[in-house]
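Engineer: Here's my sequence, what's the structure:
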Amino acid sequence: MVVGSDHLQQLYNRQPASDVFSPKKQAELARVRAQLAKFRPDVILVEAEPKEQPQIDSLYALYQKGTLRLEDLPTGRSERYQIGFALARQLGLPSPKGVDYYAATSQSLLSSGTNIDAFTQELRRVQTVARPLRALVQKDSLSLNDYLALVNQPAIVGLLHRMQFNTPALVMDGSFVAGGTNTVDLGKVDTEYIGAHFITLFYNRNLKIYSNILRAQQQTQAKRVLALFGVAHVGVLEELLAVNPAYEVMHAAKYLKTNKTKLLRLDEKGRR
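Structural biologist: Numbering: from 1, shown residues only. The predicted structure follows:
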């Protein structure tokens, strides 16, 4: 099961209502963990690189003993700790495993070309859906458990997946924005197929994450694997896992329940 999460560290905007350390949001996170616990994972995989594993193991050992206060960690609000560490301890599991492959590529990197409007409209559609929901959470008008249940709905996962891994292929004979964020070097950019190259940047990272997931499963021999990642990773990782006969994909929406789906107001094509 690949669980999509907003980056909880980034929800905090210095206002008390946005702080996951508040008693209200801690109670909401407890409900998230209670729902995910029903999946009965054997291992939890988090958005950290494998090279960070010694640090994760050390921190988790302290956390298990109750001698680590997440409030004292610079990134203690992160879902890595608030969901990953907390759920692992709750279920008596070993240390979460880091399976990320870090690379930074901006969604606004693709800036020009034939059919660029198709991509920019899709990007705006994603922002029109995601930003209001996030703002509601920051104002305490939408609970974290409802928020995470909403962003794991197939409509949201599909909308993000299409924007990042499908629609850009329409864009040809263009260029990337000058100075745009991109740490992935895949050789010469073929500007005729600029949109396809854009997809390749994101796909390359996720293929390496997928490899790390496979390796972690082999190492742990876990039968029920829960991977916790940013929502934009869910569609592509589920797609890769679904065609692997060794895996059966369980969608997070089966476990993360909400009665707030009317907030999405999306049609069958993901339009708002």
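
Engineer: Share the number of residues neighbouring Q9, please.
Structural biologist: 16 (other Cβ atoms under 10 Å). Placement of C-beta: from N, CA and C, glycine included.

Engineer: surely it meets L73?
Structural biologist: No: look at Q9 against L73 with Cβ atoms under 8 Å: they stay out of range, at 10.0 Å.

Engineer: So which bits of the lengthiest helix in the chain are buried?
Structural biologist: Longest helix of the chain, by residue count under DSSP state H: helix 194-220. Going by neighbour count (16 or more other Cβ atoms under 10 Å), the buried part of helix 194-220 is 194-195, 197-206, 208-210, 212-214, 216-217.

Engineer: Stretch 243-263: end-to-end distance?
Structural biologist: Stretch 243-263 has its terminal residues 32 Å apart, counting by Cα to Cα, to the nearest Å.

Engineer: what residues does it touch?
Structural biologist: Contacts to stretch 243-263, defined as Cβ atoms under 8 Å, 6 or more residues apart in numbering, come from residues 1-4, 32, 35-36, 38-39, 133, 136, 142, 145-146, 148-150, 152-154, 214, 234, 238, 241-242.

Engineer: How about the contacts made by A61?
Structural biologist: S95 are the contacts of A61 under Cβ under 8 Å, 6+ apart.

Engineer: swap in L62?
Structural biologist: With Cβ under 8 Å, 6+ apart, L62 has these contacts: L68.

Engineer: Report the mean per-residue pLDDT for the host helix or strand of it.
Structural biologist: Using DSSP states H and E, L62 maps to helix 53-65. Throughout helix 53-65, pLDDT has a mean value of 98.

Engineer: And that helix, what's buried?
Structural biologist: Using 16+ other Cβ under 10 Å as the test for burial, helix 53-65 gives 53, 56, 59-60, 63.

Engineer: Run through the helices of the chain in chain order.
Structural biologist: Taking DSSP H, the helices of the chain run over residues 8-11, 23-37, 53-65, 79, 86-90, 116-138, 144-151, 154-165, 194-220, 231-242.

Engineer: what helices or strands is the last one leaning on?
Structural biologist: The contact analysis (3 or more Cβ pairs under 8 Å, 6 or more residues apart in numbering; DSSP states H and E) places helix 231-242 against strand 2-5, helix 154-165, helix 194-220.

Engineer: Output those as JSON lines; include the columns mean pLDDT.
Structural biologist: Below are the helices and strands packed on helix 231-242 laid out as JSON lines (pLDDT from 0 to 100):
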{"stretch": "strand 2-5", "mean pLDDT": "97"}
{"stretch": "helix 154-165", "mean pLDDT": "96"}
{"stretch": "helix 194-220", "mean pLDDT": "98"}
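
Engineer: any chance of the ones you listed in JSON lines, with distance to A118 too?
Structural biologist: Formatted as JSON lines, these follow (distance: least, Cβ to Cβ, whole Å):
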{"stretch": "strand 2-5", "distance to A118": "24"}
{"stretch": "helix 154-165", "distance to A118": "10"}
{"stretch": "helix 194-220", "distance to A118": "9"}
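
Engineer: E122 is nearest to which of these?
Structural biologist: The closest of the helices and strands packed on helix 231-242 to E122 is helix 154-165. By Cβ to Cβ, the value is 4.4 Å.

Engineer: Next, format the helices of the chain as a markdown table and append distance to K262.
Structural biologist: Putting those into a markdown table (distance: least, Cβ to Cβ, whole Å) gives the following:
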| stretch | distance to K262 |
| --- | --- |
| helix 8-11 | 22 |
| helix 23-37 | 19 |
| helix 53-65 | 38 |
| helix 79 | 25 |
| helix 86-90 | 28 |
| helix 116-138 | 12 |
| helix 144-151 | 10 |
| helix 154-165 | 12 |
| helix 194-220 | 31 |
| helix 231-242 | 19 |
